[in-house]
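J.: need coordinates for the below:
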Amino acid sequence: MATVFRRSYQYLQRSAHEQPVIFYSVLLGAVGPVAVVAVPEIRKSWFGWKPVERPPTTYPLPNRPRDKNLTGYEDGWKPSA
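T.: From the prediction side, this is the model:
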């Protein structure tokens, strides 16, 4: 069993020197799934990150009856019939 790990280590060592692009691609590919689990927890515990409040999806309606005597708009512009 020790020879399997030794040969794997020797292969990684040789490929790091002969084909560094492939070696680092495999290395980053292996770190990616670990980062998906670890990074959000690190952001929350070390940096105090909190998710942003979600924007409203509807406009809040006033809790009163509509004013029937409206004429024009609040900026002074009057609609022409």
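J.: and Ser15, how many neighbours?
T.: Look at Ser15: counted by other Cβ atoms under 10 Å, it has 15 neighbours. The way it works is simple: take the backbone N, C-alpha and C, and place the C-beta from them, glycine included.
J.: how much space separates it from Glu41?
T.: Computed as Cβ to Cβ, to the nearest Å, the Ser15 to Glu41 distance reads 32 Å.
J.: please name every helix or strand in contact with the lowest-mean-pLDDT helix or strand in the chain.
T.: Sorting the helices and strands of the chain by mean pLDDT, DSSP states H and E puts helix 2-18 at the bottom, at a mean of 82. Identification of packing neighbours for helix 2-18 by 3 or more Cβ pairs under 8 Å, 6 or more residues apart in numbering; DSSP states H and E yields helix 20-47.
J.: quick one: buried residues of the helix it packs on?
T.: Under the neighbour-count criterion of 16 or more other Cβ atoms under 10 Å, helix 20-47 has Phe23 buried.
J.: and Asp67, how far from Asp75?
T.: The spacing between Asp67 and Asp75, counted by Cβ to Cβ, is 17 Å.
J.: next one: Phe47
T.: For Phe47, the distance to Asp75 - Cβ to Cβ - is 44 Å.
J.: what do you get for Val36?
T.: 50 Å.
J.: and what of Val4?
T.: 78 Å.
J.: higher neighbour count, the two?
T.: Neighbour count, other Cβ under 10 Å: between Val4 and Asp75, Val4 has more, with 8 against 5.
J.: and the residue nearest the centre of the chain, what's its pLDDT?
T.: The residue lying closest to the centre of the chain (Cα atoms, centre = their mean) is Pro40, at 9.1 Å. Each residue has a pLDDT score; the one for Pro40 is 88.
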